[in-house]
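Trainee: based on what follows, work out the 3D shape:
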Amino acid sequence: MNEKTYSTPLGKIHYWVHLISPDGVTLVFLPGLTADHRLFEKQIVYFEGKYNVLVWDAPGHAASWPFAFAFDLMDKARWLDGILEQEGITKPVIVGQSMGGYVGQAYAQTYHEKLKGFVSIDSAPLQRKYMTKPELWLLKRMEPVYRYYPWKALLKSGTKGVALSEYG
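Mentor: Predicted coordinates for the structure are as follows:
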């Protein structure tokens, strides 16, 4: 895997890519909130050499830090498209975990003609028709929760909540 960067007005996004052929199917792995590219390291090892693979550290995460927090989901989708264009990738299959799945949905909404496939892991649908009024009410109030939750505590609780092995 080759580490590369994509520059935005708010900071640099770091990503890792291995291309067999830019015209072939590319598995684009997008980790969720608090996770970084290592989330998909076992999948990368398995698929590298069989498919093109790309994984990023989302804006504000790990190697993509520092990054100004003045962006939204559609900005992430636009930057992802810029990365894919920068690499000449024409057949992306997005594999998004949690927040990465939301980015994948935003990408699918905006660049549906480019997307070849989408796999969502632990992400709910973004469209309002799939959400109840209480869920929408809660979602609109989550920013302060994450803003005041200590980052290291969030990392630990998030991992303990989903990991089933020592490796996890």
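
Trainee: check contacts around Phe69.
Mentor: Counting by C-beta atoms under 8 Å, 6 or more residues apart in numbering, Phe69 makes contact with Gly60. To be clear about C-beta, it is placed using only N, CA and C from the backbone, and glycine gets the same treatment.

Trainee: for it, give me the pLDDT.
Mentor: The model reports Phe69 with a pLDDT of 92.

Trainee: so it is in which element?
Mentor: Assigned by DSSP states H and E, Phe69 belongs to no helix or strand.

Trainee: can you report phi and psi for it?
Mentor: For Phe69, the backbone dihedrals (degrees, to the nearest 10) come out as phi -90, psi 70.

Trainee: in the chain, which spans are helices?
Mentor: With DSSP state H as the criterion, the chain has helices at 41-47, 73-87, 99-110, 133-139, 142-148, 151-162.

Trainee: send the alpha carbons of the longest one over as PDB?
Mentor: Output of helix 73-87 as PDB, limited to C-alpha atoms (Å, rounded to 0.1, in the frame of the first residue of the first chain):
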ATOM      1  CA  LEU A  73     -21.000  14.700   5.100                       C
ATOM      2  CA  MET A  74     -21.300  16.100   1.600                       C
ATOM      3  CA  ASP A  75     -17.900  17.700   1.800                       C
ATOM      4  CA  LYS A  76     -16.500  14.300   2.700                       C
ATOM      5  CA  ALA A  77     -18.200  12.700  -0.300                       C
ATOM      6  CA  ARG A  78     -16.800  15.400  -2.500                       C
ATOM      7  CA  TRP A  79     -13.300  14.900  -1.200                       C
ATOM      8  CA  LEU A  80     -13.600  11.200  -1.600                       C
ATOM      9  CA  ASP A  81     -14.600  11.700  -5.200                       C
ATOM     10  CA  GLY A  82     -11.500  14.000  -5.600                       C
ATOM     11  CA  ILE A  83      -9.300  11.200  -4.200                       C
ATOM     12  CA  LEU A  84     -10.800   8.700  -6.600                       C
ATOM     13  CA  GLU A  85     -10.300  11.100  -9.500                       C
ATOM     14  CA  GLN A  86      -6.800  11.800  -8.400                       C
ATOM     15  CA  GLU A  87      -6.100   8.000  -8.600                       C
END
